[in-house]
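Colleague: Build me a model from this:
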Amino acid sequence: IVDGNKIYTRWGYRADPLKLVAMNLGTREIIWSQKLADSPKARRIISLGNPVLSGGQIYFASAWDEHHARGRFHLQLSCVEAATGKVNWREDLSITASQNFFEGVFGESLTVRDGSIYCSPSTGFIGRFDARDGRMEWMYNYGSRSRNSLLADTLGTAPHIVGDVVVGLPRDTNVMFGLNRNTGEKLWRSSLLLPKKIIGSLDGELLVHGVFSLAAVDAKTGETHWEIPFPDKILAQPTLQGSSVYLSSDSNFYRYDAATGIELETRPFPVTKNSIRNASAIDNKLYLITNQKKNAKSNSRLDQFNSL
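Modeller: Next up, the predicted model:
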């Protein structure tokens, strides 16, 4: 998290960092640090996703287990003051794991909205918790799958809220589901798209990056509004900007209408002796990443496209 002149990040020299720190952006001096989880019984502690800044508070999720845990671990939600690092609260929830192990999550797993924390730690459940004290309000269990039993790798997405629906797409399943955000009641559940990531939403519809296609899905019903197959091998994650979806392949850059899925424009990449490894549209510019050794930028303005 970058906010003003501060960086908030997990910190440590292990594969699973054990600290959350605030750092001065200019000097890199550590302003404060806190444990990701705090329990005298903890044998192992891992992070379950990136921290989230909301209303001057930092929220984060971790997991810890005891010796001889026998298939159980503890989810610990924490809230600290962003300015000082003071712990406002920590709340533990004992979880029965459907797998014999649990892994750290590097990515997004928390969404804070309207006084509630929505947590999807990719451990077989998604839950809603009170942001004032971390108390659980509801939990939905979807059934975790081991990595080698997944039909396709899933990048996962933090709980995505559209109106009264919260949509889950965890990393430990090939299923995407919609829940009533107030009660946790299941509204729909689908694996048809083999979804990898929710890239955004527009007018009540989710824009979903599937294994083989890009699709728009009704957030209330789970029905697919439109679906288009990828033209060829894609280089990077599709991105939603305004009313357009941008997608790059090995040789072309595409723009689709997010409402209809209609291909609006296609531009070939410039001819180069060096292979293009990635591409991204940022602020009306198309940035290309190549293996070019020269000290030169390869970017071209997107003025040739309609404005983003």
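Colleague: which stretches of this protein have low pLDDT?
Modeller: When residues are selected by pLDDT under 70, those of the chain lie in 15, 67-71, 96-106, 292-308.
Colleague: Can you tell me, leaving aside adjacent residues, what's nearest to Gln177?
Modeller: To be clear, residue 177 is Phe; Gln isn't right here. With sequence-adjacent residues excluded and distances taken as Cβ to Cβ, 6 or more residues apart in numbering, Phe177 is closest to Arg189, at 4.3 Å. For every residue, glycine as well, the C-beta is placed using N, CA and C.
Colleague: Tell me the helix or strand right after the strand or helix carrying that neighbour.
Modeller: Of the helices and strands defined by DSSP states H and E, Arg189 is found in strand 186-190. Using DSSP H and E, the helix or strand that follows strand 186-190 in sequence is strand 195-202.
Colleague: That next one - contacts with which helices or strands?
Modeller: Under the contact criterion of 3 or more Cβ pairs under 8 Å, 6 or more residues apart in numbering; DSSP states H and E, the helices and strands touching strand 195-202 comprise strand 157-162, strand 165-169, strand 205-210, strand 239-241.
Colleague: Using PDB, write down the CA coordinates of it.
Modeller: Output in PDB follows, covering the C-alpha atoms of strand 195-202 (Å, rounded to 0.1, in the frame of the first residue of the first chain):
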ATOM      1  CA  PRO A 195     -12.500 -18.400 -14.200                       C
ATOM      2  CA  LYS A 196      -9.100 -17.100 -13.400                       C
ATOM      3  CA  LYS A 197      -9.700 -13.500 -12.300                       C
ATOM      4  CA  ILE A 198     -12.500 -10.900 -12.000                       C
ATOM      5  CA  ILE A 199     -11.000  -7.800 -13.700                       C
ATOM      6  CA  GLY A 200     -13.800  -5.500 -12.700                       C
ATOM      7  CA  SER A 201     -17.500  -4.800 -13.000                       C
ATOM      8  CA  LEU A 202     -19.700  -2.400 -15.100                       C
END
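Colleague: strands paired with it, and their directions?
Modeller: With DSSP bridges as the criterion, the sheet partners recorded for strand 195-202 are strand 205-210 (antiparallel).
Colleague: How far does the partner strand sit from its chain's centre?
Modeller: Here strand 205-210 is found 13 Å from its chain centre; the criterion is Cα atoms, centre = their mean, to the nearest Å.
Colleague: Check what contacts it and list those residues.
Modeller: Contacts made with strand 205-210 from outside it, assessed by Cβ atoms under 8 Å, 6 or more residues apart in numbering, are listed as 155, 160, 162, 167, 176, 193-201, 214-219, 225, 227, 237-238, 240, 245, 258.
Colleague: among the residues you listed, which ones are buried?
Modeller: Neighbour counting over the contacts of strand 205-210 (16 or more other Cβ atoms under 10 Å) leaves 160, 162, 167, 176, 193-201, 214-219, 227, 238, 240, 245, 258 as the buried ones.
Colleague: OK, contacts around the closest residue in space to Val166 that isn't next to it in sequence?
Modeller: Closest residue to Val166 in three dimensions, ignoring its sequence neighbours and counting by Cβ to Cβ, 6+ apart: Arg181, at 4.2 Å. Neighbouring residues of Arg181 by Cβ under 8 Å, 6+ apart: Ser116, Tyr118, Arg128, Ile161, Asp164, Val165, Val166.
Colleague: Between strand 205-210 and the strand holding Arg189, find me the angle.
Modeller: Angular relation of strand 186-190 and strand 205-210 on a 0 to 180 degree scale: 30 degrees, by axes from the mean of the first three to the mean of the last three Cα atoms, to 10 degrees.
Colleague: Give me the sheet partners of strand 186-190 and which way each runs.
Modeller: Each strand that pairs with strand 186-190, with its direction, by DSSP bridges: strand 176-180 (antiparallel).
Colleague: Give the buried residues for the partner strand.
Modeller: Judged by neighbour count using 16+ other Cβ under 10 Å, the buried positions of strand 176-180 are Met176, Phe177, Gly178, Leu179.
Colleague: which one of those residues is nearest His74?
Modeller: Within the buried residues of strand 176-180, distances to His74 taken as Cβ to Cβ reach their minimum at Leu179, with 23.4 Å.
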